[in-house]
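**Q** output the structure for:
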Amino acid sequence: MNQESVLCSRIGHSTDDRMLLSPTEALTTMALVPIAVFVLVLLAISVPLQHSFGSNRTLDFSLFPDGSTHVFYEIESNPLYPDTQVMLFGDSIENLVVEDENGFLLTTEKLDDNSNIFEIETLGASSILINYDTYSLVSKNGKVWSFTIHASTEFTLHMPENSVIVGMSTFPIGMDDDGNRATLFLPTGPVEITYFLTVAESAQIEPLPEAEDSSQYLLAVGIVAIIIVAIIGIVLKSRKKPNITIPERPTQETENQYDLQSVMSDVDVREDDKEIIKFIHENGGEVLESELRKKFLQPRTTMWRAVKRLERQGKIVIVKKDQQNLVKLKNMEVQDE
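**A** Next up, the predicted model:
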């Protein structure tokens, strides 16, 4: 056997045949082995580095009357990559569910509290389905709602039911309307959609109270009503009607108290005037001037001079009553007071 030959194992067959290599060929083979190993290591390292961000296949936003937004992603993924990073829309993420194309839940972790980048374990998954809710994509000013987003891919926007669009920052690619809900197909870039809700949708109708609550409510209303009625009754009752003093006709006792005899004996009183005083006394101490004229058949001026004369003497007083002159005996009036 040549000493410059090297004995090597034969590849492929289970025979005892041997292959001889020259030293140069052996050295070349030994030099290539580390290079091949290094290349394989680089390839192995480069595979996980290529996970990065998955590419969107579908992006849908569904708006609801309470201001919430349901987001749906469908992202393509390389099943050889151990994980995939995805940036979600919105600051607040709720009810997050991530699945593969077979419906198996995938482990998800948020990389940074200050960002919305999530890392999903996607080894063996060729498609990622993401569903979640957020309240940070819609704002409200008065009665007008605004949906604002900056998307890197075309997306679909489902408007709330019974909503009316009043403004769009960009023209949609397409639009569909089923009568209750409009659907917009929008391009990439910044998009702002403003809308308001009709009364039927925006009005928040509270459920009717149960029977027990209703009866308690009616009882409370009844008690309040009774209290109000009682207060009104007390107020009305406290308002006294103005006292109208109706002069009482002198009784027999009052007549006896009047000293008619002294008047009749007064020499300063004329005889015809005494008859007037007597007539007034007999009629309860007061008569109308018209009754005196009728009794004594005197004209108005004559009778007026007579009663004025008696008034100056302090025997009677004259008061107005229903645009007539009421003649009263003064002493009887003093006794009544």
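**Q** show me the helices in the stretch 51-200 of the chain, by range?
**A** Ranges of helices within the stretch 51-200 of the chain are 199-202, based on DSSP state H, counting those that start in this stretch.
**Q** so where's it shaky on pLDDT?
**A** Low-confidence segments of the stretch 51-200 of the chain (pLDDT under 70): 51-56, 199-200.
**Q** spit out the contact partners of Gly189.
**A** Going by CB atoms under 8 Å, 6 or more residues apart in numbering, Gly189 touches 150-151, 170. For glycine as for every other residue, the C-beta is placed from the backbone atoms N, C-alpha and C.
**Q** filter those residues to the buried ones?
**A** The neighbour count (16 or more other CB atoms under 10 Å) marks Ala151 as buried among those.
**Q** so can I have a markdown table of the contacts of Gly189 showing distance to Ile231?
**A** Below are the contacts of Gly189 laid out as a markdown table (distance: CB to CB, whole Å):
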| residue | distance to Ile231 |
| --- | --- |
| His150 | 64 |
| Ala151 | 65 |
| Thr170 | 64 |
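**Q** between the contacts of Gly189, which is nearest His70?
**A** Checking the contacts of Gly189 against His70 by CB to CB gives Ala151 as the nearest, at 15.6 Å.
**Q** how about that closest one, nearest residue that isn't a chain neighbour?
**A** Counting by CB to CB, 6 or more residues apart in numbering, the nearest residue to Ala151 once its immediate chain neighbours are dropped is Thr188, at 5.6 Å.
**Q** let me see the domain layout of the chain.
**A** According to automatic domain parsing, the chain is divided into the following domains: 6-48, 51-203, 252-336.
**Q** ok, back up a step: these two touch, right, the residue nearest to Ala151 and Ile149?
**A** No: at 10.5 Å, Thr188 does not count as touching Ile149 under the criterion of CB atoms under 8 Å.
**Q** low-confidence stretches in the stretch 201-337 of the chain?
**A** Filtered on pLDDT under 70, the stretch 201-337 of the chain yields the residue ranges 201-218, 221, 229, 235-257, 331, 333-337.
**Q** show me where it has helices.
**A** Using DSSP H, counting those that start in this stretch, the helices assigned to the stretch 201-337 of the chain run over residues 211-238, 252-257, 260-264, 271-282, 289-296, 300-312, 330-336.
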